[in-house]
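K.L.:
Need the 3D shape of this:
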Amino acid sequence: MNSTVRSGRSLALALCIVAALAAGAGLFLLLRGRGAGPGGGDGKLGERLAELRANPDDPALREEVVRLAGRSGAPPIPEEARARLAEGRRLFAAAQTIEDAARAVDEFEAAVRAAPWWAEAHRDLGLALETAQRHEEALAALRLFLASGPAEGDGRAVREDIGRIEAVLRRAAAPDPAQASAVACELAVPTLIADYWVYVDGRIVDAPPHEGVGGFTMIEMHKGAGAVCMDDKGVAVRIDAGGRLTNVRDDVRDRVYAKRVVRLAPGVHRFEMLLLNTGGFPLQISSREIELTAAGPAEVRLDLPAGYSCWPAASAIAALPREDWQAQLERVQANLKGSISGLAADPVARALAEALARLRLTPPERPVIRVDLPADRGGARELDARQVRSLLRYLRNEYQLYEGLVSAPADAPAEYRNAMARLAPLLRAHNARLAELDELDAILTKAAAEDAAAE
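P.N.:
Below you'll find the model as predicted:
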């Protein structure tokens, strides 16, 4: 009996000692955690956070902070970081342009500064950076997320994101295999018109302004008989109705054609010269498809576009006859309906609208835009700001309506005035849709200015 009591007392004493030791260890760990820095965490994490605050641009240190937080438990997330992350997600979800994505990036970066161990903020930052076309930075942010040791599903999704971005960078850096076997040929284009564009396979290779060209005055002949180009000595060049230069005066031969060497892969290529027509549809193009081989041809010579005209088209101004008010209303309604449906169906307008939608999300790498025009309007090709402006003028001439169309004279009946008031918002909305395409010109003009500044 005494032995049993002693054993029980010994067991109780041992349990008390163990409990005291455990409590002491817990207090030690708690105090150690409090000494780690803001929000707790282990001592090593606290030390690294302090070092990162002193060296915020150290990528290795930032990765170690994220890895330590994922392994030993992250400190609580400050309210400022949560608020900036929420605002970044709101902006990113609503982003329609690169500039919108950049604003979301600013918020995510603020969240990361406030909580550099927060893996979730690094992931969101990486995705926003990808949309903002900052691919190298996006990779760094997404790899920080992986350093935290995420759950398998989250990690797999981010690894797929990383693979997609790496593929984009590889394509951008890869050498063009076609250049290894490229053949050279000399491309000659007539310089009788100072403003011209040269294309190879739909890509602009030469654009205005051109130095040392022009100096001729073109005079069109009647009844499709071609044209002549004059200088201070008289007739310098004769051009037939197909745009071919049929007679060139000896002393101007060297300045009638501009020549440049292009290197292309063997195969069939499309060479084009584009001029801006002064009347009718603005883009006039001469085109030749030539098969290039190592054996030639050594030169490709282009003609002037056959449909080019240097005379502006006369504007048709139709005077509306004064009829009864009902007939006048029907005329206005038909005019408005025709312009609205015509713009909606116009393939040039649709091609420009599609190009604008792409540019709003991804700015151009060069001050040109790729458009898919109908074959009889130029086909798929690059256009610069001047060419886009010419197409916008064409669309305005075709479809823009003036406010006066829906104005009602003071002596008009009340029913007519009320009808005009109902049509006015439709007219303004139609003109606004047309004016929206002007943003294309603004984007390309800005890109051209940035290109010039970079040079």
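K.L.:
and the residue lying closest to residue 71 once chain neighbours are set aside, how many neighbours?
P.N.:
Closest residue to residue 71 apart from its sequence neighbours, by C-beta to C-beta, 6 or more residues apart in numbering: residue 149 at 6.6 Å. C-beta coordinates here come from the backbone N, C-alpha and C atoms, glycine included. Residues contacting residue 149 under the criterion other C-beta atoms under 10 Å number 13.
K.L.:
Next: residue 153.
P.N.:
Neighbourhood size, residue 153 [other C-beta under 10 Å]: 8.
K.L.:
Next up, identify which helix or strand it is on.
P.N.:
For residue 153, the element it lies in under DSSP states H and E is helix 152-173.
K.L.:
Contacts for that helix, please.
P.N.:
Helix 152-173 is contacted by residues 123, 126-127, 130, 135-136, 138-139, 142-143, 145-146, 149-150 when judged by C-beta atoms under 8 Å, 6 or more residues apart in numbering.
K.L.:
Please verify my assumption that residue 196 contacts residue 275.
P.N.:
Yes - between residue 196 and residue 275 there is a contact at 5.6 Å, judged by C-beta atoms under 8 Å.
K.L.:
re the thing from before, could you list which residues are in contact with the residue nearest to residue 71?
P.N.:
67, 70-71, 155.
K.L.:
Pick out the most distant pair among the residues you listed.
P.N.:
71 and 155 (14.5 Å; C-beta to C-beta).
K.L.:
that older thread, tell me the most packed of the contacts of residue 149, by neighbour count.
P.N.:
Highest neighbour count within those: residue 67, with 19 neighbours (other C-beta under 10 Å).
K.L.:
going on from the helix or strand of the chain with the lowest mean pLDDT, what's the next piece of helix or strand?
P.N.:
Across the helices and strands of the chain, mean confidence by mean pLDDT, DSSP states H and E is lowest for helix 2-34: a mean of 37. Moving toward the C-terminus from helix 2-34, the next helix or strand (DSSP H and E) is helix 43-54.
K.L.:
So for whatever helix or strand comes next after that following helix, what gets flagged as buried?
P.N.:
As assigned by DSSP H and E, the chain's next helix or strand after helix 43-54 is helix 59-72. Neighbour counts using 16 or more other C-beta atoms under 10 Å place 61-70 of helix 59-72 among the buried residues.
K.L.:
of those residues, closest to residue 109?
P.N.:
Using C-beta to C-beta, the buried residues of helix 59-72 come closest to residue 109 at residue 62, 12.4 Å.
K.L.:
mind checking pLDDT for the closest one?
P.N.:
With respect to pLDDT, residue 62 scores 89.
K.L.:
how far away is it from residue 147?
P.N.:
Going from residue 62 to residue 147 by C-beta to C-beta, to the nearest Å gives 9 Å.
K.L.:
and if you look at residue 377?
P.N.:
53 Å.
K.L.:
where do the helices sit along the stretch 251-400 of the chain?
P.N.:
253-256, 325-345, 347-361, 385-399 (DSSP state H, counting those that start in this stretch).
K.L.:
Make JSON lines from these and add distance to residue 226, mean neighbour count and mean pLDDT to it.
P.N.:
Formatted as JSON lines, the helices of the stretch 251-400 of the chain follow (distance: least, C-beta to C-beta, whole Å; neighbours: other C-beta atoms under 10 Å; pLDDT from 0 to 100):
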{"stretch": "helix 253-256", "distance to residue 226": "15", "mean neighbour count": "13", "mean pLDDT": "83"}
{"stretch": "helix 325-345", "distance to residue 226": "33", "mean neighbour count": "15", "mean pLDDT": "91"}
{"stretch": "helix 347-361", "distance to residue 226": "28", "mean neighbour count": "17", "mean pLDDT": "92"}
{"stretch": "helix 385-399", "distance to residue 226": "24", "mean neighbour count": "18", "mean pLDDT": "93"}
